[in-house]
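>>> Fold the following and give me the result.
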Amino acid sequence: MSASDMVLTRSGLRYAGRLWPCTVGRGGIRTDKSEGDGATPVGVHRIVGCLYRPDRLATPAPWAEPILPGDLWSDASGQPEYNHLVRAPYPHSHEDMRRADPMYDVVLLTDWNWPDAQAGRGSAIFLHQWRGRGRPTAGCIAFARRDLLRIAALAAPGTRLVVPEGLAYSG
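Numbering: from 1, shown residues only. The predicted structure is shown next:
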């Protein structure tokens, strides 16, 4: 591991010389991640993008891209667009990236099962804002808004996210 890595630990995400409180998936941390299991996947992942709501906040990082009306994320396993950003209208299963709540105001995208997604292996593994401390996600890693904004400003494309096997997360 490198000093520039994001490393999930039992008590938070270690990155940029500090420990950031976070939450993980309701399905725990798993090596056998599958679509809909709520698990955060074990592995060394890379940050591959940053999306944000320009109607709600300023650009959080120079490389961030705006989330526009009609932006969706395909979670339709077996479709060619699975685990990719798509535009409405999209007739298959998806997540709305432009949510009414602030959870996706800033999203760091990971390369979990991307760009060549395997059907059923899981989609939409992001770093995003949490619903509240200790409230699990559907598989993502989530943070307090102010912490997520700081992390987004410090991260860059290619930053490694390390989720160790056997981690009993208690954050």
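
>>> Helix, strand, or coil at residue 45?
Reducing the assignment to helix, strand or coil with DSSP: H, G, I helix; E, B strand; the rest coil, the entry for residue 45 is strand.

>>> which residue is nearest the middle of this structure?
Nearest to the geometric centre of the chain sits residue 126, at 0.8 Å (CA atoms, centre = their mean).

>>> Distance check, residue 98 against residue 139.
Residue 98 sits at a distance of 20 Å from residue 139 (criterion: CB to CB, to the nearest Å). Bear in mind the C-beta positions are built from the backbone N, C-alpha and C, glycine included.

>>> where does the protein dip in pLDDT?
Segments of the chain classed as low confidence (criterion: pLDDT under 70) are 1, 168-171.

>>> all strands of it, in order?
In chain order, the chain shows strands spanning 6-9, 12-15, 18-20, 29-30, 40-41, 43-52, 65-66, 71-74, 85-87, 94-96, 106-110, 126-129, 141-143, 160-163, with DSSP state E as the criterion.

>>> Any idea which of the ones you listed gets closest to residue 117?
In this view, those are compared for proximity to residue 117 by CB to CB, and strand 71-74 is the closest at 8.8 Å.

>>> Run me through the strand neighbours of that closest one, direction for each.
For strand 71-74, the paired strands and their directions (DSSP bridges) are strand 85-87 (antiparallel), strand 94-96 (antiparallel).

>>> just how off-centre is the first one within its chain?
Relative to the mean C-alpha coordinate of its chain, strand 85-87 is positioned 16 Å out (CA atoms, centre = their mean, to the nearest Å).

>>> More neighbours: residue 98 and residue 139, which one.
When residue 98 is set against residue 139 and neighbours are counted by other CB atoms under 10 Å, the residue ahead is residue 139, at 27 against 18.

>>> Would you mind confirming that that one is in contact with residue 124?
Yes - because the distance of 7.5 Å satisfies CB atoms under 8 Å, residue 139 is recorded as touching residue 124.

>>> looking at it, the residue nearest to the centre of the chain is touching residue 111, isn't it?
No - between residue 126 and residue 111 there is no contact under CB under 8 Å: 11.4 Å.

>>> what sits against residue 26?
The contact partners of residue 26, by CB atoms under 8 Å, 6 or more residues apart in numbering, come to 38, 136-138.

>>> any idea how far it lies from residue 38?
Counting by CB to CB, the separation of residue 26 from residue 38 is 4 Å.

>>> shared neighbours of these two, anything?
In the contact map built from CB under 8 Å, 6+ apart, the residues linked to both residue 26 and residue 38 are 136-138.

>>> Need those in CSV (columns: distance to residue 158 and neighbour count).
Compiled in CSV, those are given as follows (distance: CB to CB, whole Å; neighbours: other CB atoms under 10 Å):
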residue, distance to residue 158, neighbour count
136, 28, 19
137, 23, 23
138, 25, 19
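
>>> Many thanks, have a good one.
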